[in-house]
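**Student:** Build me a structure from this.
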Amino acid sequence: MEINSLPVELTVVWNGNFNIDNPAQNKVHLYKCGAMRDSCGLCLKADPDYRCGWCEGQNQCTLKHHCPILESRWLELSGSGGKCTNPKITEISPVRGPREGGTRVTIRGENLGLEFRDIASQVKVAGVECVPLVEGYIPAEQIVCEMGEAKLSQHAGNVDICVAECKPEFIAKSSQYYYFTILTLFDLSPKRGPVSGGTQVTITGKNLNAGSNVSVLFGEQPCIFHWRTADYIVCNTTASSNGLQKVDVSVKVDKAKIHRELEKAKMHRELEFEYVDDPTILKIEPEWSIVSGNTPITIWGTNLNLIQNPQIRAKYGGKEHINVCEVQNDTEMTCQAPALAVDPNNQSDLAERPDEFGFILDNVHSLLILNKTNFTYYPNPVFETFNPSGILELKPGTPVILKGKNLIPPVVGGNAKLNYTVLVGEKPCAVTVSDVQLLCESPNLTGRYKVMVSNGANTRKGRCGL
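**Tutor:** As a prediction, this is how the structure comes out:
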């Protein structure tokens, strides 16, 4: 990797093998003028202590005594003629913006001045004055300017820069064009969401990737911008400022307020969004799971279909587990129970209650913790190994009996909710379960097969010989 300067440790050796002390830990800087300074502007930006300068005849950054004075002009920052010629524009971004102005255009290139005053009033974009901003200026390398308003007769053009003075050798013109663009809105989806906010809304339209800055308001409240393309803008609603209401949706790109396409605007002047009641949770069935979670749960409530990414959560001992839910309709959704943060190797045989249990439903904070639920976690089922070899030898037709504990939670419907299935090889068998054993009527097989037991949340494997 090429570097232009490198601090190294200083060691002075006397008489061949005596190191002189360096208590101040002094270091020496090794440097090379030409490394990573392949333009005049970058060269003259180098630390003055290096005494680098630009040798025009050789077109390189070097020390003065390496530049043949008779053949070349020598430029250095402290010199009277220290101006780099031949500025270049290599990139502009963005290349499209609204005619109303306000777009911040970033111009990158070479030899773009060494002080802000060199370019402070010398930038035009597509024939329109673009005011350079001090905070965006990187000497020699980058200019950021803010666009003025364009006339109706102005449509596109190059970027033109004069560095210090507008003589031919100090003028740069971009090969890229900048275009003035009309942005329009079509529609938005969804058109309603909870009053607490958090709904991810997609606003469709045309040329929506033009300009540099986007702001979206739902009534008086901001919609938090995420990303955009030419065809859509994505943002997240914040809480309504005035409760349940319909609000106009306004979009600004830089200094331009974006309007609906004329045909659609006949239906309504602006896009609309409706804030409606937050979802509620009325019933959870069943109100239990096992420590490892992933058992099915059904939830009933209201306005559940407003939520785009519903999740269920349980917190225990300071650790939180989250699992996914799927909305079925306005009043029902299904979830996989979250695990409880209990070490499965040290679990007790007693039921546990989570410290917090609730739902993550966009920005609806009132349901993060449900105070009225009695949700309970029971110990995970545990199966004994067949024997030290891990192989159970059986006569053909003999049932497979797996011994264990906690196989059925002590609640109504515990067996059905855990939903045990047993495969011998790839063939299922009929299962009978009690709290301490599982009996499998083995299929008509001979030989040695894997036995796999699953309850929807856990899987156990072993082998049996028939």
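**Student:** Give me the longest strand you can find in this structure.
**Tutor:** strand 319-329 (DSSP state E).
**Student:** which helices and strands sit right next to that strand?
**Tutor:** Applying 3 or more CB pairs under 8 Å, 6 or more residues apart in numbering; DSSP states H and E, one finds that strand 319-329 contacts strand 311-316, strand 332-336, strand 356-360. Every C-beta, even on glycine, is put in place using the N, C-alpha and C of the backbone.
**Student:** Please export the C-alpha coordinates of it as PDB.
**Tutor:** This file holds the C-alpha atoms of strand 319-329, laid out as PDB (Å, rounded to 0.1, in the frame of the first residue of the first chain):
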ATOM      1  CA  LYS A 319     -32.500 -10.800  28.800                       C
ATOM      2  CA  GLU A 320     -35.200 -10.500  26.000                       C
ATOM      3  CA  HIS A 321     -36.300 -13.000  23.400                       C
ATOM      4  CA  ILE A 322     -38.400 -12.000  20.400                       C
ATOM      5  CA  ASN A 323     -40.300 -14.100  18.000                       C
ATOM      6  CA  VAL A 324     -42.400 -13.500  14.900                       C
ATOM      7  CA  CYS A 325     -46.200 -13.100  14.400                       C
ATOM      8  CA  GLU A 326     -48.400 -13.300  11.400                       C
ATOM      9  CA  VAL A 327     -51.600 -11.200  11.100                       C
ATOM     10  CA  GLN A 328     -54.600 -13.200   9.800                       C
ATOM     11  CA  ASN A 329     -57.100 -10.400   9.800                       C
END
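**Student:** Report the angle between it and strand 332-336.
**Tutor:** Taking axes from the mean of the first three to the mean of the last three CA atoms, to 10 degrees, one finds strand 319-329 and strand 332-336 inclined to each other by 150 degrees.
**Student:** Now strand 319-329: buried residues?
**Tutor:** Residues of strand 319-329 classed as buried: 321, 323, 325, 327 (neighbour count, 16 or more other CB atoms under 10 Å).
**Student:** Contacts for it, please.
**Tutor:** 293-294, 299, 304-305, 307, 310-315, 333-341, 356, 359-360 (CB atoms under 8 Å, 6 or more residues apart in numbering).
**Student:** now with 7 Å?
**Tutor:** Outside strand 319-329, the residues within contact range by CB atoms under 7 Å, 6 or more residues apart in numbering are 293, 304-305, 307, 310-314, 333-341, 360.
**Student:** That one pairs with which strands, and in what direction?
**Tutor:** strand 311-316 (antiparallel), strand 332-336 (antiparallel) (DSSP bridges).
**Student:** Comparing the ones you listed, which comes out most buried?
**Tutor:** Sort those by mean neighbour count, taking mean count of other CB atoms under 10 Å, and strand 311-316 sits at the top with a mean of 20.
**Student:** That strand relative to strand 356-360, how many degrees between them?
**Tutor:** 160 degrees.
**Student:** Any chance you could give me strand 311-316 in CSV, C-alpha atoms only?
**Tutor:** This file holds the C-alpha atoms of strand 311-316, laid out as CSV (Å, rounded to 0.1, in the frame of the first residue of the first chain):
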residue,chain,number,x,y,z
GLN,A,311,-43.5,-9.5,17.1
ILE,A,312,-44.0,-11.1,20.5
ARG,A,313,-41.5,-10.6,23.3
ALA,A,314,-40.6,-12.1,26.7
LYS,A,315,-38.0,-10.7,29.1
TYR,A,316,-36.5,-12.7,32.0
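**Student:** For it, which outside residues touch it?
**Tutor:** For strand 311-316, contacts defined as CB under 7 Å, 6+ apart pick out 320-325, 335, 337-338, 340-342, 354-360.
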